[in-house]
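Student: show me how the following folds:
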Amino acid sequence: MDELITLLDENLICTGTDISSDFIYFFVTSTRKECVCPSCQSVSSRVHSHYNRNFQDLPIQDKKVVITLSNRKMFCDNPSCHRTTFAETFSFIDNKAKKTKRLKETILEVSLTQSSVSAAVYLSKHVVDVKKSTICNYQKSMLVINKEDIEAICIDDFAMKKRKSYGTIMVNLADSRVIDLIESREKEDVVIWLSLFPNIKYVSRDGSLTYAAAIREAHPEAHHISD
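Tutor: Below you'll find the predicted structure:
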């Protein structure tokens, strides 16, 4: 198992495993002698404390993988640094993330070929437990959009929690990609949101009177296209 864990980071070792019908649990620890403070780049070998950090990784043999890392907090001995302690970090996972970078990349690859709903169903069955809202957030974070370039869009509502809470999604009609979403379908919120995109000329929408009013207020010259 050590060979599998060192694929993430050569300084990690596996201290134990637990295998169930659906999951493989790895328990790992770091062998680094020294860590670098992220603020001042000073090197420290003094351990302040340990804490467990749980995150998910790519599946193995159709079993989902959960890793428990015994992470260390280190003292920063640089008197000029504003930190007194810092957590050991690793290149394969972002700070405070619950999924490794390579797992996140796989989620994005799958989700870009289908809707977030169907992607969540497939991924939860075969790869990792993930919600459609998480997939949408991943997609949103990867987009770098110049809002002034957006001219033709489609807006529609979607259920964050069926029959309880809804949001509004915006799709670029030029390439059929999701541009943005908000956790509301109230007129006032949609007006403010649409106003952030100054050059919208065409909007495809359903028969919602709320959306029609919001579009007219935010972009009175825009052409409405009924879908």
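
Student: now the closest residue in space to residue 211 that isn't next to it in sequence: how far from residue 219?
Tutor: With sequence-adjacent residues excluded and distances taken as Cβ to Cβ, 6 or more residues apart in numbering, residue 211 is closest to residue 205, at 4.9 Å. Backbone N, C-alpha and C define where each C-beta goes, glycine included. Plainly put, residue 205 is 12 Å away from residue 219 if you go by Cβ to Cβ, to the nearest Å.

Student: same question for residue 2.
Tutor: The value you get for residue 2 to residue 219, if Cβ to Cβ is used, is 59 Å.

Student: quick one, which of the two is more surrounded?
Tutor: residue 219 (21 against 10; other Cβ atoms under 10 Å).

Student: now the residue nearest the centre of the chain, what are its backbone angles?
Tutor: With distances taken as Cα atoms, centre = their mean, the residue of the chain nearest its centroid is residue 138 (3.4 Å). When read as degrees, to the nearest 10, the backbone of residue 138 gives phi -60, psi -50.

Student: ditto for residue 211
Tutor: phi -70, psi -40.

Student: ok, residue 78 next?
Tutor: Dihedral angles (degrees, to the nearest 10) for residue 78: phi -80, psi 110.

Student: just checking, what packs against the strand or helix carrying residue 18?
Tutor: Assigned by DSSP states H and E, residue 18 falls within strand 12-19. Judged by 3 or more Cβ pairs under 8 Å, 6 or more residues apart in numbering; DSSP states H and E, strand 12-19 is in contact with helix 2-6, strand 23-30, strand 63-75.

Student: report the distance from the shortest one to the chain centre.
Tutor: On the basis of Cα atoms, centre = their mean, to the nearest Å, the separation between the geometric centre of helix 2-6 and that of its chain is 25 Å.

Student: what about it, average pLDDT?
Tutor: Taken as a whole, helix 2-6 has a mean pLDDT of 83.

Student: what sits up against it?
Tutor: 12-14, 26, 28, 60, 67 (Cβ atoms under 8 Å, 6 or more residues apart in numbering).

Student: and these, which is closest to residue 127?
Tutor: Among these, residue 60 lies closest to residue 127 (Cβ to Cβ), at 11.0 Å.

Student: returning to that earlier point: give me the buried subset of the contacts of helix 2-6.
Tutor: 12, 14, 26, 28, 67 (16 or more other Cβ atoms under 10 Å).

Student: pretty sure the second one is touching residue 26, no?
Tutor: Yes: using Cβ atoms under 8 Å, residue 14 is in contact with residue 26, at 5.8 Å.

Student: intersection of neighbour lists for the two?
Tutor: 1, 4-5.

Student: would you turn those residues into CSV with neighbour count and distance to residue 47?
Tutor: Formatted as CSV, the shared contacts of residue 14 and residue 26 follow (neighbours: other Cβ atoms under 10 Å; distance: Cβ to Cβ, whole Å):
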residue, neighbour count, distance to residue 47
1, 14, 24
4, 16, 26
5, 22, 20
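
Student: closest to residue 107 among those?
Tutor: Using Cβ to Cβ, the shared contacts of residue 14 and residue 26 come closest to residue 107 at residue 4, 20.2 Å.

Student: and that closest one, how far from residue 24?
Tutor: From residue 4 over to residue 24 (counting by Cβ to Cβ), the distance is 10 Å.
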